[in-house]
Every structure is written in C-alpha cells, then in structure tokens.
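# Give me coordinates for this.
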Amino acid sequence: MRPLLAALGGLLLGPLAHAQKPDLDKQLEKHTFTKDKASLPYRLLKPDGYEKVGKGGYPLVIFLHGMGERGRDNKKQLVHGVTEFAKASTRKKHPCFLIAPQCPPRQDVVVLRPARHQAGPHPVQGADRAGRAGAGADRFAVQGVPH
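You can find the predicted model right below:
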C-alpha cells in the first residue's frame, strides 16, 4: 500500500515541482551579435511588464558564464545562475533586463589572475544593487560564475 501511495504522490507532486522551474528557452530570447566576421550568441530576458514606449526604467544585468559553458549553441551559458533570474518570484522582486552572452569555444574574453579566489555574491544581488542605483541607463551590474 505504501509504495502505491508514494507513486501516486509522485505523480501528483511531480508537475508542481516542474512548474516551479522556469522554461529558459521560452523566457530568454535568442539573439546573435555580429560584427565583421565575428559573432557572439546571447540571450535576453526582459522584465515582466516591460513597455516599449519607454515608461519606467529597468536595470541591466550582464551574466557571464564559466569556462565550461563556452560554445555556439546559445544554451550552455544558461546552466548556472540564469535560472534564478528567470524565476517568477525573482522577476517580481528584482525586475531587470538580463543579457547572457556565450563566449566562443577555445576563447577567453578576459583572463584575470586574482591573488586568491573570493566567492562572489548571489546572482540576484546584482539585480538588487542595480535596482537601488536609481533610474536611467546607468543602472547595470555584471554578474557571473568563476572560471
């Protein structure tokens, strides 16, 4: 009897667990920036309620991935951290534009060698800092994961 109840509970609760995970393919628009012979795939998340007529201001968060997410599929860069921005609760509390570019394979955008590794803040803190900075285009934050 208990295995049957556990199976039924899994069937009933399974869709609820899946519903809480955002569908990144639907929420983040696919784009590619191209200049000369170079191209850079990126994703764009717009804030809920964004109005194209320019009413209201939203911060910009640029989310940089780690070395393992390089490529050209415009998907791997969403693996770590971006999901938190796409959650309904986060989007309501910290509305922002999010850009998640993807570095091409076997390339580095910037190579930094810090004296010691320091863990950064939670990804959503970047949106919060940018949101408190005031209105206008100067509201931005760069977030990411360590290489």
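
# Any figure for the gap between the residue nearest to residue 70 when sequence neighbours are not counted and residue 32?
Using Cβ to Cβ, 6 or more residues apart in numbering and skipping the chain neighbours, the partner closest in space to residue 70 is residue 103 (4.7 Å). C-beta here means a position set from N, CA and C on the backbone, and glycine is covered the same way. According to Cβ to Cβ, to the nearest Å, residue 103 stands 13 Å off from residue 32.

# just residue 102 next, same as before
Separation of residue 102 from residue 32 (Cβ to Cβ) stands at 10 Å.

# out of these two, which sits in the busier spot?
A count of neighbours by other Cβ atoms under 10 Å puts residue 102 above the other of residue 102 and residue 32, at 22 against 12.

# May I have the secondary structure class of the closest residue in space to that one that isn't next to it in sequence?
Nearest residue to residue 102, sequence neighbours excluded (Cβ to Cβ, 6+ apart): residue 77, at 4.2 Å. Going by DSSP: H, G, I helix; E, B strand; the rest coil, the secondary structure assigned to residue 77 is helix.
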